[in-house]
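> sequence and predicted model, in that order:
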Amino acid sequence: MCFHGIDYRFSWESLSVSFIITQNNDIFNPVDMSDIAIKFENVGKLYQLGVVGTGTLSHDIRRWWLTSVRHKEDPYLKIGETNDRASKGKCDFVYALKDINLEIHQGDVVGIIGKNGAGKSTLLKLLSRVTYPTTGKIYIRGRIASLLEVGTGFHPELTGRENIYMNGCILGMRKAEIDSKLDEIVDFSGCERYLDTPVKRYSSGMMVRLGFAVAAHLDPEILVVDEVLAVGDAEFQKKAIGKMQDVSKGEGRTVLFVSHNMKSVSRLCNRGILLDNGSIRNIGRVDEIIGQYLDMTIDNKELKGQVFFNSDNTKTHQFLEAKLIDNQGDVINNPIDVDDSITLYLKFQIVKTMNIHIAFYISNTQGEIVWYNERTDEYNGYVDLEKGTYESFIVIPNPFLKPGKYTLTIGLMETAMNVNDLRQNILTFEICDRKVFRDAERAGNIYYPVKWDILKV
């Protein structure tokens, strides 16, 4: 049975609907979807910038004849360009997605990340059948509930209660099934007082609350959530993340989650997909994918273990050099093992006797400060130093930081705060774990072994 380019196939074994999304009403042989919830085969989505159409009536008719009547490939696909929003292209046809091939297994919680314009929302719209692929096929096994933007699937003139029943019917649920979930949905959304009010009078936060509650509680096999959770308050975001964890781990359902909040993605997902200019850059473990994405946003992607600073005669105190040294005394320009210690070498000068405050901090790739340290005396928080040039060696013990990339910031200031020499993210280093038995996914930013005593009583 086909309708609008969707080939529906009923799987009596799973009592759910499997279907294939294509551009045309073609019938395909079913693929093996025994443990696969979603499968993309060479999927692409082409858009035309500017006016709609090919530019001439004859080209429009030719496209219609080939694609709609003869079910052939769009003749204008070959001139489509990669979707790089920051550069001016040579033609008006761009691929929002191109050559997407991936498999998502049942029970996976997949975080889809990438820069703005990478194709994340387009991919979810294809899954939700808001739009259809220009090329390729999408195989889906199970019912999909989507929350793509504020108010998705809601009729503004209907009340919250009526919209709940309408969405349930769209998902193929009986009224008795929706009745059994109604109280749970209303309680989770926190919108009981406004349940019989038209949703056009809801705030954006209330709309998201009710929309997520409906999507998560009406028993979909696949839950698709876009960036909309950012609209909700902190309390609701925490509830929503917890609910998605319950849906995936407790009930074995598949979740696709798009967000620019890397903390939420790391906390919720077990796999990640990194999109870049409409193509898949990598698929893998979520912490690795997040690291690659954050590396794309860091100006200095290369490891940098040493830096020199030009002397400025107008400054009363300033750094001259900073470097990271390994156990052999060499400058660190390659990843080091988690068990090796690191020595931070600082060289600075002051032009008069003064109280100096010197400090550094280490940040992870998410910009979070994971460790701060300073050199002070016992009383006023500053060190009394005479005029001259100084060297300082600070040993950073390991195992201390968990595997990953880090940047180091140094600061030098006087008590009067009239001059402040702050050098941000001037050194970059990476810690790796070469021991197989240790888990690189361990939680937190700090890893330091402590003595454990276990006594039988």
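Right, received. Where do you want to start? Numbering: from 1, shown residues only.
> and Gly111, how many neighbours does it have?
25 (other C-beta atoms under 10 Å). Yep, even glycine has a C-beta here, placed from its N, CA and C like the rest.
> now do the same contact list for it.
Residues near Gly111 by C-beta atoms under 8 Å, 6 or more residues apart in numbering: 257-259, 265-266, 268-269, 271-273, 286, 289-290.
> 7 Å instead?
Phe257, Val265, Leu268, Cys269, Gly272, Val286 (C-beta atoms under 7 Å, 6 or more residues apart in numbering).
> what about the first one, distance to Lys39?
The reference is to Phe257. 19 Å (C-beta to C-beta, to the nearest Å).
> so between these two, which is more surrounded?
Phe257 (25 against 20).
> beta partners for the more buried one?
Gly111, Val225 (DSSP bridges).
> quick revisit: so of the contacts of Gly111, which ones are in helices?
Val265, Leu268, Val286 (DSSP state H).
> can you add distance to Ile431 and neighbour count and give these back as CSV?
Listed next are the ones in helices among the contacts of Gly111 as CSV, based on distance: C-beta to C-beta, whole Å; neighbours: other C-beta atoms under 10 Å:
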residue, distance to Ile431, neighbour count
Val265, 22, 23
Leu268, 25, 22
Val286, 19, 22
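> quick check, nearest of those to Asn425?
Within the ones in helices among the contacts of Gly111, the smallest distance to Asn425 is 22.8 Å, found for Val265 (C-beta to C-beta).
> contact partners for that closest one?
Here Val265 is in contact with Gly111, Ile113, Phe257, Ser259, Val286, Ile290 (C-beta under 7 Å, 6+ apart).
> check Ala176 too.
So Ala176 contacts nothing (C-beta under 7 Å, 6+ apart).
> helix, strand, or coil at it?
helix (DSSP: H, G, I helix; E, B strand; the rest coil).
> for Ala144, grab phi and psi.
Wrong residue type there; residue 144 is Ile, not Ala. phi -110, psi 130 (degrees, to the nearest 10).
> can you give me the strands for the stretch 351-457 of the chain?
For the stretch 351-457 of the chain, the strands defined by DSSP state E, counting those that start in this stretch cover 354-364, 369-375, 383-385, 388-396, 404-414, 420-432.
> and the ones you listed as a markdown table, adding mean pLDDT, mean neighbour count and distance to Phe309?
Putting the strands of the stretch 351-457 of the chain into a markdown table (pLDDT from 0 to 100; neighbours: other C-beta atoms under 10 Å; distance: least, C-beta to C-beta, whole Å) gives the following:
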| stretch | mean pLDDT | mean neighbour count | distance to Phe309 |
| --- | --- | --- | --- |
| strand 354-364 | 86 | 19 | 14 |
| strand 369-375 | 84 | 13 | 19 |
| strand 383-385 | 80 | 14 | 18 |
| strand 388-396 | 90 | 12 | 13 |
| strand 404-414 | 86 | 20 | 10 |
| strand 420-432 | 85 | 17 | 7 |
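> export those to JSON lines and tack on distance to Gly117?
Putting the strands of the stretch 351-457 of the chain into JSON lines (distance: least, C-beta to C-beta, whole Å) gives the following:
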{"stretch": "strand 354-364", "distance to Gly117": "26"}
{"stretch": "strand 369-375", "distance to Gly117": "30"}
{"stretch": "strand 383-385", "distance to Gly117": "49"}
{"stretch": "strand 388-396", "distance to Gly117": "39"}
{"stretch": "strand 404-414", "distance to Gly117": "25"}
{"stretch": "strand 420-432", "distance to Gly117": "26"}
